[in-house]
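K.L.:
3D, please:
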Amino acid sequence: DVAECMIRLYVSELQAERFIITGEQVSYYDFFRLAASNFQKRPPSIRVSKPLLQVAAFLEAIRGVLTGSNPLVTKETAQLAGRSFKYSNEKIKKALGVDFQSIENSIRWCCEEYMKKIAFKK
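P.N.:
Below you'll find the predicted structure:
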């Protein structure tokens, strides 16, 4: 969807515009539930509090420094995890007349492609 919108915007007469290219709103919980389902794994079942996320981010920062790897949870992701954002795709839909894939289809496709890549590497 994003690639199609980018190409259509590039060849259009539109200039100096900003668009939000998103199909629909999805919470972290729903995203991870859908991804788990597509990987045939159990969905998340434990709700993590903000203080626990902040502790995890702190410990991950220490682990990152000691191992030279990137932290799995950062201070920023811990802060954003509990927030809800609302975005509207009406402007891009009106400008290009696009219709987006459902989040279920998008996540299914991504998971399938990821699994193909993993199977290819083995």
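
K.L.:
how far out from the middle of the chain is stretch 74-86?
P.N.:
For stretch 74-86, the separation from the chain centroid amounts to 12 Å (computed by Cα atoms, centre = their mean, to the nearest Å).

K.L.:
cool, stretch 21-36 as well?
P.N.:
The chain centre lies 7 Å from the centre of stretch 21-36; the measure is Cα atoms, centre = their mean.

K.L.:
what does stretch 24-39 give?
P.N.:
Using Cα atoms, centre = their mean, the offset of stretch 24-39 from its chain centre is 9 Å.

K.L.:
Give me the buried positions along that stretch.
P.N.:
Using 16 or more other Cβ atoms under 10 Å as the test for burial, stretch 24-39 gives 26, 33-35, 38. Just so you know, the C-beta spots here come from the backbone N, C-alpha and C atoms, and that holds for glycine as well.

K.L.:
Can I get those in JSON lines including distance to residue 99 and pLDDT?
P.N.:
Shown next, in JSON lines, are the buried residues of stretch 24-39 (distance: Cβ to Cβ, whole Å; pLDDT from 0 to 100):
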{"residue": "26", "distance to residue 99": "17", "pLDDT": "87"}
{"residue": "33", "distance to residue 99": "24", "pLDDT": "93"}
{"residue": "34", "distance to residue 99": "20", "pLDDT": "95"}
{"residue": "35", "distance to residue 99": "23", "pLDDT": "95"}
{"residue": "38", "distance to residue 99": "22", "pLDDT": "94"}
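
K.L.:
centroid residue for this protein?
P.N.:
Note on the chain: the residue nearest the mean C-alpha position is residue 31, at 7.5 Å, using Cα atoms, centre = their mean.

K.L.:
where's it, which helix or strand?
P.N.:
helix 28-38 (DSSP states H and E).

K.L.:
neighbouring contacts of that helix?
P.N.:
Residues outside helix 28-38 that contact it (Cβ atoms under 8 Å, 6 or more residues apart in numbering): 26, 42-44, 81, 103-104, 107-108, 111-112.
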